[in-house]
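Student: Sequence and predicted model, in that order:
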Amino acid sequence: MNYLTAEKKQEIFNEYGKSNTNTGSPEGQIALFSYRISHLTEHLKKNRKDYGTQRSLLKLVGKRRRLLDYLKERDIERYRTIIKALNLRK
């Protein structure tokens, strides 16, 4: 069972990106990473010793952090909007 279908990706980019074809926008990427992070977090709650997944999760969190820092540097308003929309801390 694949949790991240093409339709789900389209939905995420429609909602947070500028359009469903603009998959490179920082907002769309951050939203996609957040979705994947929440899924992996749930997986790790059930499978505590899955260290491969744990490493993947940490890498994703780092990627999302770097994108958020980039967005904060470039356009603080877009940063604040995406933080509020995804209900992220900081």
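Tutor: Structure's in. What do you need?
Student: what about the closest residue in space to residue 47 that isn't next to it in sequence, helix or strand, and which?
Tutor: Distances taken as CB to CB, 6 or more residues apart in numbering put residue 53 closest to residue 47, at 7.0 Å, once the chain neighbours are dropped. Placement of C-beta: from N, CA and C, glycine included. According to DSSP states H and E, residue 53 maps onto helix 51-74.
Student: Give the other helices and strands that that helix contacts.
Tutor: Helix 51-74 makes packing contacts with helix 26-46, helix 76-86 when contacts are defined by 3 or more CB pairs under 8 Å, 6 or more residues apart in numbering; DSSP states H and E.
Student: do you know which of these lies nearest residue 20?
Tutor: Among the helices and strands packed on helix 51-74, helix 26-46 comes nearest to residue 20, with 8.8 Å by CB to CB.
Student: Buried residues, stretch 10-17. List them.
Tutor: Buried residues in stretch 10-17, counted by 16 or more other CB atoms under 10 Å: 12-13, 16-17.
Student: er, stretch 69-85 actually
Tutor: 71, 79, 82-83.
Student: gap between that stretch and the chain center?
Tutor: 14 Å (CA atoms, centre = their mean, to the nearest Å).
Student: need the contact list for the spatially most central residue of the chain.
Tutor: Geometric centre of the chain, nearest residue: residue 33, 2.0 Å, by CA atoms, centre = their mean. Residues in contact with residue 33 (CB atoms under 8 Å, 6 or more residues apart in numbering) are 60, 63-64, 67.
Student: ok, 10 Å please
Tutor: For residue 33, the contact set (CB atoms under 10 Å, 6 or more residues apart in numbering) comprises 12, 60-65, 67-68, 86.
Student: where's it relative to residue 88, distance?
Tutor: For residue 33, the distance to residue 88 equals 11 Å [CB to CB, to the nearest Å].
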